[in-house]
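K.L.:
Curious how this folds, go ahead:
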Amino acid sequence: MGISARRKEKWDSFSEDDRARIIRMALEDRTAFEDIRLQFELTPNETVLFMRSQLKPSSFRLWRKRVAEHGQLKNRNKMRDDEKSEPDRFKCRTQRSDGSIKNRK
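P.N.:
Residues are numbered from 1 along each chain as shown. Down below sits the predicted model:
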């Protein structure tokens, strides 16, 4: 499966920090695909393709299996009401606004 030139150009425009942020958001169960779309303009399918290109094959398979089995985790419309309360939040509780993780050296 090849990557289109337009999609590759879009991915190349991301900085290393942006790429790391997309991966963290996609791996985090509480972040919906809609949040990734709002911040980085990646559709859910583009996010999956991006993750495939960035992760090791075994890591991608595990992540994809988890997302497929628990699809409601990545779909804001199917999340529990208490998880929907902060749709504009793009970070987990342990993450600082600059993207670094608290209590990590």
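
K.L.:
Is it correct that Ile22 is in contact with Thr47?
P.N.:
Yes: counting by Cβ atoms under 8 Å, Ile22 touches Thr47, with 7.2 Å between them. To be clear about C-beta, it is placed using only N, CA and C from the backbone, and glycine gets the same treatment.

K.L.:
what touches both of these two?
P.N.:
Each of Ile36 lies in contact with both Ile22 and Thr47 under the rule Cβ atoms under 8 Å, 6 or more residues apart in numbering.

K.L.:
Which helix or strand in this protein has the lowest average pLDDT?
P.N.:
Across the helices and strands of the chain, mean pLDDT, DSSP states H and E gives its lowest value to helix 81-84, namely a mean of 52.

K.L.:
where do the helices sit along the chain?
P.N.:
For the chain, applying DSSP state H gives helices covering 5-12, 16-27, 33-40, 44-54, 57-69, 81-84.

K.L.:
Those helices into JSON lines, with extra columns for mean neighbour count?
P.N.:
Formatted as JSON lines, the helices of the chain follow (neighbours: other Cβ atoms under 10 Å):
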{"stretch": "helix 5-12", "mean neighbour count": "12"}
{"stretch": "helix 16-27", "mean neighbour count": "16"}
{"stretch": "helix 33-40", "mean neighbour count": "18"}
{"stretch": "helix 44-54", "mean neighbour count": "16"}
{"stretch": "helix 57-69", "mean neighbour count": "12"}
{"stretch": "helix 81-84", "mean neighbour count": "10"}
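
K.L.:
among these, which gets the worst mean confidence?
P.N.:
In terms of average pLDDT, helix 81-84 trails the rest of those, at a mean of 52.

K.L.:
What residues does Lys10 make contact with?
P.N.:
Glu41, Glu46.

K.L.:
now swap in Leu27 and tell me
P.N.:
Trp63.

K.L.:
Roughly how far does it sit from Gln54?
P.N.:
When distance is defined by Cβ to Cβ, to the nearest Å, Leu27 is 11 Å away from Gln54.

K.L.:
now swap in Ser15 and tell me
P.N.:
Distance from Ser15 to Gln54, by Cβ to Cβ: 14 Å.
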